[in-house]
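Enquirer: Sequence and computational prediction follow.
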Amino acid sequence: EAQVTQNPRYLITVTGKKLTVTCSQNMNHEYMSWYRQDPGLGLRQIYYSMNVEVTDKGDVPEGYKVSRKEKRNFPLILESPSPNQTSLYFCASSLTGMNTGELFFGEGSRLTVL
Amino acid sequence: RKEVEQDPGPFNVPEGATVAFNCTYSNSASQSFFWYRQDCRKEPKLLMSVYSSGNEDGRFTAQLNRASQYISLLIRDSKLSDSATYLCVVFGGATNKLIFGTGTLLAVQP
């Protein structure tokens, strides 16, 4: 089954404790992206990657890191999480990029930072 | 001003009703337009693209008005299963990125 898989789905952590949210897609998609979704603010892009070893900042990259060592994986790293990073995070992928508008989203990872 | 604006709702409608949502965008250079659907606590999923001439997919009709910079989504014969948040998405313009609206909540009542 074609899908984007994120882990963990739910996580409660404390300020400053490094964490990684993994994202994997099995559709051989070139493009991958991370979003956060907050009430009243909608989906905001954190980072994106057009291909292996190519990553770029989105609209809200501060406090996050990403890597794209393999085509299928695009982990999101929070080196020192803070309470303002409490949010619902979505990983998404697309065959070619944003212009087609067809993004496939993972099920989301709900992160709480205390 | 937000780049993409939607009425958050909720729109509470009875089954069988016709309901329409509008979405306005600020950048006239925007190139492509889409509607996504997001069920409660789930991931967004592409509902349909919006073409200049308007397009229909079953009970759903999407239209684009470039002059007034808005797109619309019309749902006919609403079903309980249509209850969800509908996200307006715009691509292009200065940022050359996908910009998501905050969504309009639709609740179809029995």
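Expert: Nice, thanks for sending it over. Only a predicted model underlies this, so the values are computations on that prediction, with no experimental measurement involved.
Enquirer: Now do the contacts for B:E56.
Expert: Contacts for B:E56 were tallied using C-beta atoms under 8 Å, 6 or more residues apart in numbering or on different chains; they are B:A62. Glycine gets a C-beta too; all of them are placed from N, C-alpha and C.
Enquirer: Please report phi then psi for it.
Expert: Dihedral pair for B:E56: phi -130, psi 140, per degrees, to the nearest 10.
Enquirer: and what of B:L106?
Expert: Backbone torsions of B:L106, given as degrees, to the nearest 10, read phi -110, psi 130.
Enquirer: Quick check: it touching B:P10?
Expert: Yes: between B:L106 and B:P10 there is a contact at 7.1 Å, judged by C-beta atoms under 8 Å.
Enquirer: Show me which of the two is the more surrounded one.
Expert: More neighbours surround B:L106 than the other of B:L106 and B:P10, with 21 against 12 (other C-beta atoms under 10 Å in any protein chain shown).
Enquirer: Please tell me how far the residue nearest to the more buried one when sequence neighbours are not counted sits from chain A.
Expert: Spatial nearest neighbour of B:L106, chain neighbours left out: B:F11 (5.0 Å); criterion: C-beta to C-beta, 6 or more residues apart in numbering or on different chains. Per C-beta to the nearest C-beta, to the nearest Å, B:F11 is found 18 Å from chain A.
Enquirer: if I look at B:F11, how far off is B:A20?
Expert: Using C-beta to C-beta, to the nearest Å, one gets 9 Å for the distance from B:F11 to B:A20.
Enquirer: same deal with B:S26?
Expert: Distance, B:S26 to B:A20, using C-beta to C-beta: 21 Å.
Enquirer: Specify which residue of those two has the higher count of neighbours.
Expert: Legend: neighbour count by other C-beta under 10 Å for B:S26 and B:A20, higher for B:S26 (15 against 12).
Enquirer: so who does that one touch?
Expert: Counting by C-beta under 8 Å, 6+ apart, B:S26 touches B:R1, B:K2, B:E3, B:V4, B:E5, B:Q69.
Enquirer: give me that answer again for 6 Å
Expert: By C-beta atoms under 6 Å, 6 or more residues apart in numbering or on different chains, the residues touching B:S26 are B:R1, B:E3.
Enquirer: Distance of it relative to B:Q69?
Expert: Here B:S26 is placed at a distance of 7 Å from B:Q69 (C-beta to C-beta).
Enquirer: which residues are common contacts for these two?
Expert: Counting by C-beta under 6 Å, 6+ apart, B:S26 and B:Q69 have no common neighbour.
Enquirer: Any residue of the lengthiest strand in chain A touching chain B?
Expert: Determined from DSSP state E, the single longest strand within chain A is strand A:42-51. Yes: residues of strand A:42-51 are located near chain B by C-beta under 6 Å from any C-beta of the partner chain, namely A:G42, A:L43.
Enquirer: Can you get me a residue count around the residue nearest to B:L106?
Expert: For B:F11, the count of nearby residues is 19 (other C-beta under 10 Å).
Enquirer: pLDDT weak spots in chain A?
Expert: Nowhere does chain A drop to pLDDT under 70.
Enquirer: Return the residues of it in contact with chain B.
Expert: A:G42, A:L43, A:F90, A:M98, A:N99, A:G101, A:E102, A:F105, A:E107, A:G108.
Enquirer: show me what contacts the first one?
Expert: Read it as A:G42. So A:G42 contacts B:F100, B:T102 (C-beta under 6 Å, 6+ apart).
Enquirer: Repeat the analysis, applying 8 Å as the threshold.
Expert: Applying C-beta under 8 Å, 6+ apart to A:G42 gives the contacts B:V4, B:L87, B:F100, B:G101, B:T102, B:G103.
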